[in-house]
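Asker: Output the structure for:
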Amino acid sequence: MAATDPAQPQDGQRRRLLIAVLYADMVGYSRLIGWDDVGTLERLKTLRHNLIDPAIAEHGGRIVQTGGDSLLLVFDSIDGAVRCAVKVQQQVPIHDGDQPRDRVIRFRIGINIGDAIPDEADLHGDAVNVAQRLQAVSPPGGICVSRSVRDHVHGSLGLTFDEIGLLNLKNIAGPIEAFVLRADAVNEFGSIKRPLTDHPPNLLPLPDKPSIAVLPFQNMSGDPEQAYFAEGMVDEIVTGLSRIRWLFVIARTSSFTYKGQAVDVKQIGRELGVRYIVEGSVRKSGNRVRVTGQLIEAESGHHLWADRFDGHLGDIFELQDQLVARVVGAIAPQLEKAEIERAKRDLTNDPAAYDFYLRGLARWNRWSSANNAAALQLFRAAIDKDPEFATPYGLAASCYLFAKANGWQIEFDRPEISRLTECAVEVGSDDAVALCWAGHVRAVFFNEVDRGLLLISRALELDVNLAVAWQRAGWVRGYAGDPDGAIESLNKAMRLDPLDPRVFLTQSAMAFAHFVAERDQEAADWAALALRTKPKWMPALRVAIASSAMQGRTEEAKAALQAYVKVDPNVSIHKICEQYPFRHQRDQQRLVRALRRAGVREA
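Answerer: Modelled structure (predicted):
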């Protein structure tokens, strides 16, 4: 009787392989396909042909399965899998070329080693499932690995990893210890580095005081729905830092243009014109949260400070204060304790109210009628949970302001709007966000221009680095007949938030201020800039109509009016004038003359 070879599968058994498994998935595939299906697929095909497939072959990998936006690969060696992953993540930004930040192609990669069962053209087993789940918690452009992979390549390749911790992954028995390859390790491994192609170096000069930007924190929770929580943490860190008057702090909206990007701190420092960068991660699991943060000198890439905080969700506000204090202390060791205390911001002691506020903020930033309405309800829910929580009052009022400006709503509950703004002022006497929105809303809905200016001035006394307060000041100073003051305020807003994805708000305010100043060509130019980003943005279209008409550019005025009619078929001079609470009759009369020249009906 022949001896049985233990290496061969027996009857009723399936052959198992010990292999390195790599799972890659494209970030935002559905969104990019919805934006440009043909172009996205062609770019992906080119990446596969020129970079990804050759890298797989070069490092001894085999494609097991493709899913359009995903790849399941196996390698005979862990080194080969990691080398392939690093090369792909390094070079995708180069091969993909110059793209708008929200259109770039990036991948998440997870790598694991273990037993797997081959099945014709597929592969099964926990090794595959774990690699796929690790991919899901990897940051865009990043590589997440299991402990066995980390331990091996740390010794063989000298790569450095950041610990995520124990993850309870879906359909996986027992927790998995996960690690993310550090971004600087990716950039330094091998000879390929991403060139500074997005913007020329030193685009913005360094301010004359310490300057800092807080990048989006990575959501390490393994749940995309928790992204709002990580974003809210960054909001609070930005808020805390910006209240230190001697700091120059980049606004959240510019920092968040780097969300989902592989981080090159030197490049970001040059693009934003800052000396220091803060980055980190948030992992929320049940009632526990872990926050990591590090402070980096942008030009040198030198890490000045790093720390990790663990605690219960009920301690989240204390954790935020600790993080802000540590960052500020790293920048200026001589900072006195009293100044650190002023950097703190006590929002609410109710975790449920805070959660509603963060969810509302996430919707508020998505800029559509439905999301605006949802944000309003979430801000109201936060207020119901904690009536002493000031910020949601101002943001709820701002939802009405955007509904009016966009034509999303015609009838308004003015008593409710008045209540929200008065509560924002009363409860938020030391809350710059609540005050600046209350000021603008009081001006627009109740013609209280002077009071609006006072409230916004108070907001800027509290937080001189609050870009949105300077932006709101630009609008209200325009209503007040102070166009030069408005332009000065708007320039400050743009400097504090140079990469604001909603820059059309500031550009349309600039257009309006120049129109009030009777500089119609400049007004038309700024309106055109806003319309490039947001073609149906009604405040920019209004200025485009009026400024073109005042210059005698009849065809341009008619084209802008036709675009406006598509958004609001019932447009009239009366409806447009209702948008602007002019302090001086001469400013309103000039707008009326311009609209009449353009052919807008009276009422």
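Asker: Without its sequence neighbours, what residue ends up closest to residue 534?
Answerer: If the residues on either side of it in the chain are set aside, residue 534 comes closest to residue 504, at 4.4 Å by C-beta to C-beta, 6 or more residues apart in numbering. No exception for glycine: its C-beta is placed from N, CA and C like everyone else's.
Asker: Distance check, the one you found against residue 441.
Answerer: Computed with C-beta to C-beta, to the nearest Å, the distance linking residue 504 and residue 441 is 20 Å.
Asker: who has more neighbours, these two?
Answerer: residue 441 (27 against 23; other C-beta atoms under 10 Å).
Asker: give the contact list for the more buried one.
Answerer: 397, 398, 400, 401, 417, 420, 421 (C-beta atoms under 8 Å, 6 or more residues apart in numbering).
Asker: likewise residue 553?
Answerer: residue 524.
Asker: pLDDT-wise, which helix or strand of the protein ranks last?
Answerer: In the chain, no helix or strand scores lower on mean pLDDT, DSSP states H and E than helix 337-343, which sits at a mean of 40.
Asker: ok, and what's touching the very next helix or strand once past it?
Answerer: Proceeding N to C from helix 337-343, the next assigned helix or strand is helix 351-364, under DSSP states H and E. By C-beta under 8 Å, 6+ apart, the residues outside helix 351-364 that reach it are 227-229, 231-232, 235, 313-314, 316-317, 347-348, 371-372, 374-379, 381-383, 385-386, 389, 391-392, 395, 398-399.
Asker: average pLDDT for helix 351-364?
Answerer: The pLDDT scores in helix 351-364 average 88.
Asker: Please, where are all the strands along this structure?
Answerer: 17-26, 61-66, 70-75, 107-119, 122-124, 143-146, 161-167, 176-181, 211-214, 218-219, 248-249, 276-285, 288-297, 302-312 (DSSP state E).
Asker: Neighbouring strands - and their directions - for the last one?
Answerer: Pairing partners of strand 302-312, with direction, according to DSSP bridges: strand 288-297 (antiparallel).
Asker: quick one: contacts for the closest residue in space to residue 43 that isn't next to it in sequence?
Answerer: Distance criterion C-beta to C-beta, 6+ apart; nearest residue to residue 43, sequence neighbours excluded, is residue 105 at 5.9 Å. Contacts for residue 105 (C-beta under 8 Å, 6+ apart) come out as 26, 27, 32, 40, 43, 44, 47, 92, 96, 99.
Asker: Distance check, the closest residue in space to the fourth one that isn't next to it in sequence against residue 271.
Answerer: Using C-beta to C-beta, 6+ apart and skipping residues adjacent in sequence, the residue nearest residue 40 is residue 32, 4.5 Å away. Relative to residue 271, residue 32 is positioned 23 Å away (C-beta to C-beta).
Asker: Tell me how many other residues crowd residue 554.
Answerer: The number of residues near residue 554, taken as other C-beta under 10 Å, comes to 13.
Asker: Start the count at 582 instead of 1 going forward.
Answerer: Fine by me, first position is 582 from now on; the one you just mentioned is residue 1135.
Asker: Residue 1019 reaches residue 978, doesn't it?
Answerer: Yes - counting by C-beta atoms under 8 Å, residue 1019 does reach residue 978; the two are 6.1 Å apart.
Asker: Overlap of the contact sets of those two?
Answerer: Common neighbours of residue 1019 and residue 978 are listed as 1001, 1002, 1005 (criterion: C-beta under 8 Å, 6+ apart).
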